[in-house]
Structures are given as structure tokens and as C-alpha cells.
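**Q** Make a model of this:
(one chain, ligands or ions: 1)
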Amino acid sequence: MERASASNPVSMEDVAALAKRRGFIFQSSEIYGGIGGFYDYGPLGALLKRNVKNAWWRDMVELRDDVVAFDSSIIMHAQTWKASGHLEAFNDRLVDCKVCKHRFRADHLKSLEQCPDCGSKNSFTPERAFNLMLRTFVGPMEDSASMTYLRPETAQGMFVNFKNVYQTARKRPPFGIAQIGKAFRNEITPGNFTYRLREFEQAELEYFVPDDGNDLKRFEEWVQLRKAWYAKYGITAERLRFYELTAEERPHYAKAGVDVEYLFPWGWGELESIAHRGTYDLDAHMRVSGKDLRFYDEASKTHYTPLLIESSAGMDRTTLVVLVDAFERETATDPAGKQTERIVLHFHPQLAPLQAAVFSLARNKPELVQRARAIEEGLRPRFRTQYDEGNIGQLYRRQDEIGTPFCLTVDYETLADSALTVRDRDSMRQERVAVDRLETYLHERL
Ligand code: GAP
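**A** Numbers count the residues shown, from 1 in each chain. Modelled structure (predicted):
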């Protein structure tokens, strides 16, 4: 068994090849040679990513009474980015090798003395700051007055609306605002498949708490909550770590910070950041806008600026983690003694793009096809299902590779006994289940 584990990571090439072959992820604009840092999700990838986002939304928003939903615009007033500090400080340090002309992020290089690509010594240009925000113009004029940016994070839309939200939703701290949406960063070195993108989605939760001495306890509660979330969806515990940032690693205003990291095939990489940001963000917007964003406490008739605990998770990275973590290349010996290999994605049933595939054992037997199609149609309103037909071995192989937990096969016996064969993806065990019990059977297991 070659399940992803701390000691036995899968190869990213294998995951990317499967993702392409089965229609999870394609390079954007592939027919024109692609464009670095942009990817498209195919039919199964779109379902997988949607299920990841739905899982986050369900647990972080719908199942809580202290978090409200939000959806802010991608393009905001340019002053937003002045206040947030992105205009001045959202920079990477960039160097070019004068010999091979390759470009690097200075902080990604082991040494600035030797180019890792061509081996040349002392060939780097001096470092220069490169702002990661993607610029655009609003309206017909392309001048500095009409210039703004595609948001590099969704968070700012929630900060500038803090007052609108707490007043209309009638919430008082502690409470949170959550949104899932696109963000854009002009990364110098996009790569590692969908790990570092220039267009990606974030799921961000901004949790505002009173300054009552419980803020660090609440921060720790959020770290535990997020840990439980990854465990709930079956992410391998040894491949996840919650790295506590030191005071030197945190921004000066942050009281605490934890990076959620996953052991990708190339090493540990950040998946989510959880930060105690104090009053930094609301203070910054009050300073630049001149507007009062403080919370007005009716009971004590006082204004105060709540402290902020932020959880910011990348949805493309989480989808990638779900894919990598589920990937297994399994070798088994068949009854004839022959070694066979199967690739299987062990998705959590709530995240799997499809939950049950219904097959007809033969495609040229109308009575089987009709029965199988009718069963699939009956299950479709309650589960993510698909009908297929043909060679049963090939059908199982395909469904294993796309991570479908159950395959249901209608055969000749079904016509007589009204039961079908249910095959479990992980154990490959098969059992007969009566058609009228199917819905309960799947409900119990999914
Ligand atoms: N508002 C806080 C914030 O944006 P961040 O650590 O810069 O914090 C949060 O980003 C998450 O967004 C990261 O942990 C990662 O999952 C995702 N993310 C950031 N840059 C990304 C990129 N270039 N490609 C894909 N995901 C990215």
C-alpha cells in the first residue's frame, strides 16, 4: 500500500497526471500554451472544490450562530490598499540571474552567491521590491486616478464593512464575518501545480472579540476548531502541523499566529494562516477613511475597537491537499497470482465528487440498462450519482481513480431478486443489497 503518509509521500507528477487524465484540473488556456499560475477545474475538480468550499461554509457559517455570511466585491476603492498596508509593503524581493536570465524570489534562495539553475557565481542583479497586487483601471481612462487593484485577499471587504455588518446583523463581539472568494497575487514564481497560483480562492473568517482578557483563549479555541475541521474530513494527521509563529516571525501588531502546514510531496507548505491581529485592521481603516468603525456597546454606552482573530484558508490549496492526501497506488495479487495495480482516491464521502456510480452489467441488454438508469435516477436527488455501463473491471478502475465510495451493479439476478451488488471503494468488498434498502444503506455510510 502506498497511501500518502509522512514517511511515504506520493509524487506530485502522479497526482497532476491523474488530475488531468480524469478531468479534475487543467492548465488554463492550454490550447494557447497555458499561462503560469492559472488553472481550470474540470467536471470532477469543480465538484471536488465546491464540496470543499461547502464543507467549510457549512461548518464555519451555517452551523454557528455567531458567524454571518458576506460577499464583497473583488475591486475596491484604491484607498483600501493604502490603509491595509498592501500598497507599501505587499512586496516580494526579486533577483534575476544575469547569465541564465531566470528570476527568483530572494527569500526562496539558499544563497545569493550562486544561481541554483545555471551554477553561475555572483550573477544576481541587486534585489528589488516587487508589489504582488495585480493592477487594473476602472472606467475609460487609464490614468493614476482610475487605477486600482484586484484584491490580494478577501479580508479587507469585511473590515471596511464591519460597522454595516454588526449594525444590520445585530451582532455584538464575539462574532465573526465569513466569506469565500477569489483573490489575486502576481506571484513571481507560481508553481507546484495549484499550490502557488496567481488567481485563487480564499475562505476567510474574521472573528471580532472584546478586549476582555479572553482573546488568547479564544485564539487557541479557533486553532483547535480548525484542527478538528481537517480531522473531520480525514486529512492524515501526521501530514498536518500547526506551526506556532515566534514573535520575530509575526507582524509587529500580531499577538499570536499559527500556520497550518501540510507535508506536500516537496515538503511542508502553508495551507492556512490563523492570526491574532489585534485592532490593526480596523484602526488602519479608521485612520485613512476618517470614519468611526468602532463597536458601540448599548449596555455600557461606550465605543470600543474589538480585537480580531482571523482564519484564512486557501480553497485551491485545501482541494490540492484533499487530492494528494487521498491518493493511493495499491498493488494487489489477483486469484491467478498476477500482480495488479490500482490507483484509488480515498476521498471523504462528503468531499467525493460522486458518491455512487450505478452500472448496468451489459450495455446491450435494454432491461438491465433501464433498471440501472431508473435506480440512478431515484438516488440522484439525494446523492451525487452517475450512470455508466460496459466492462465492469474498467468501470471499477475509473470510479476508484475518481474516488467514488460506492459502485452499484445491476445484473441479471437483479431482475429476479430486486437486489444489486454494492462494491466498497476502499475495501473492494462486495455485497448484495435490496434495491428498496439502497437509500438507507447509502445514507448510513455516506
Ligand atoms: N488575510 C490573510 C491572508 O491572506 P495569507 O497567509 O497571505 O493570509 C492565506 O493567505 C491563505 O491563502 C494561505 O494560507 C493559502 O492557503 C492561500 N494563498 C495565499 N497565496 C496563495 C497563492 N499564491 N496561491 C494559492 N493560495 C494562496
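
**Q** where does Tyr396 land in three-state SS?
**A** Assigned with DSSP: H, G, I helix; E, B strand; the rest coil, Tyr396 falls in the helix class.

**Q** which residues touch it?
**A** 407, 423 (CB atoms under 8 Å, 6 or more residues apart in numbering). Every residue, glycine included, has its C-beta placed from N, CA and C.

**Q** how close does it get to Leu132?
**A** 45 Å (CB to CB, to the nearest Å).

**Q** how far out from the middle of the chain is the one helix or strand Ala275 maps to?
**A** Using DSSP states H and E, Ala275 maps to strand 267-278. Offset of strand 267-278 from its chain centre (CA atoms, centre = their mean, to the nearest Å): 14 Å.

**Q** buried ones in whatever helix or strand comes next after it?
**A** In the C-terminal direction, the helix or strand that comes right after strand 267-278 (DSSP H and E) is helix 280-289. Buried positions in helix 280-289, judged by neighbour count with 16 or more other CB atoms under 10 Å: 280-282, 284-286.

**Q** Name the residues of the stretch 51-200 of the chain found near the ligand, please.
**A** For the stretch 51-200 of the chain, the residues in contact with the ligand (CB under 6 Å from any ligand atom) are 153, 155, 185, 187, 196-197, 200.

**Q** Report the two of the residues you listed separated the most.
**A** Maximum pairwise distance among those (CB to CB): 19.2 Å, between Ala155 and Arg196.

**Q** Compare the two and say which is more crowded by neighbours.
**A** Neighbours per residue (other CB atoms under 10 Å) separate Ala155 from Arg196, with Ala155 holding more: 23 against 19.

**Q** Skip the chain neighbours and tell me the closest residue to the more buried one.
**A** Glu204 (5.1 Å; CB to CB, 6 or more residues apart in numbering).

**Q** one step back: between the buried residues of helix 280-289, which sits nearest the ligand?
**A** Closest approach to the ligand among the buried residues of helix 280-289 (CB to the nearest ligand atom): Asp281, at 9.2 Å.

**Q** Name the nearest residue to the closest one, sequence neighbours excluded.
**A** Spatially, and ignoring its direct neighbours in sequence, Asp281 is nearest to Phe159 (4.6 Å; CB to CB, 6+ apart).

**Q** ok, now Glu431?
**A** In space, Glu431 is closest to Val422, 5.7 Å off (CB to CB, 6+ apart).

**Q** My read is that that neighbour contacts Val435, right?
**A** No. The criterion here is CB atoms under 8 Å, and Val422 misses it with Val435 at 10.6 Å.

**Q** My reading is that Lys227 lies in a helix. Confirm?
**A** Yes. Looking at Lys227 with three-state DSSP, it is inside a helix.

**Q** what's the neighbour count on the spatially closest residue to it that is not a sequence neighbour?
**A** Distances taken as CB to CB, 6+ apart place Phe242 nearest to Lys227, at 6.4 Å, with adjacent residues excluded. Number of residues near Phe242 (other CB under 10 Å) recorded here: 15.

**Q** Next, give phi and psi for the residue in the stretch 301-446 of the chain positioned nearest to the ligand.
**A** Closest residue of the stretch 301-446 of the chain to the ligand, CB to the nearest ligand atom: Gly314 (2.3 Å). Per-residue torsions, Gly314: phi -80, psi 130 (degrees, to the nearest 10).

**Q** Now for it: which residues touch it?
**A** Going by CB under 8 Å, 6+ apart, Gly314 touches 200-203, 271-272.

**Q** Tell me the one of the residues you listed nearest the ligand?
**A** Ranked by distance to the ligand (CB to the nearest ligand atom), these are led by Phe200 at 3.7 Å.

**Q** any idea of the pLDDT on the closest one?
**A** pLDDT, Phe200: 98.

**Q** Remind me which helix or strand it belongs to.
**A** Secondary structure from DSSP H and E places Phe200 in strand 199-209.

**Q** got it, and Pro173?
**A** When secondary structure is defined by DSSP H and E, Pro173 falls outside every helix and strand.

**Q** The residue nearest to Lys227 pairs with what?
**A** Note on Phe242: beta-bridge partners by DSSP bridges are Val260.

**Q** so it makes contact with Gly257?
**A** No. Contact status for Phe242 versus Gly257: not in contact, 10.7 Å apart, counting by CB under 8 Å.

**Q** Look at Ser144 and report its pLDDT.
**A** pLDDT, read off for Ser144, is 88.

**Q** can you check the one 5 residues further on too?
**A** The pLDDT attached to Tyr149 in the predicted structure is 97.

**Q** roughly how far apart are the nearest residue to it once chain neighbours are set aside and Glu330?
**A** Nearest residue to Tyr149 in three dimensions, chain neighbours excluded: Met133, at 4.3 Å (CB to CB, 6+ apart). Distance, Met133 to Glu330, using CB to CB: 45 Å.

**Q** The two - which one has more neighbours?
**A** Met133 (18 against 14).

**Q** can you tell me which residues contact the more buried one?
**A** 81, 86-87, 90, 149-150, 152, 184-186.

**Q** List the residues that contact the residue nearest to Asp281.
**A** When contacts are counted by CB under 8 Å, 6+ apart, Phe159 is found next to 84, 206, 281-282, 285, 293.

**Q** Name the SS class of it, please.
**A** helix.
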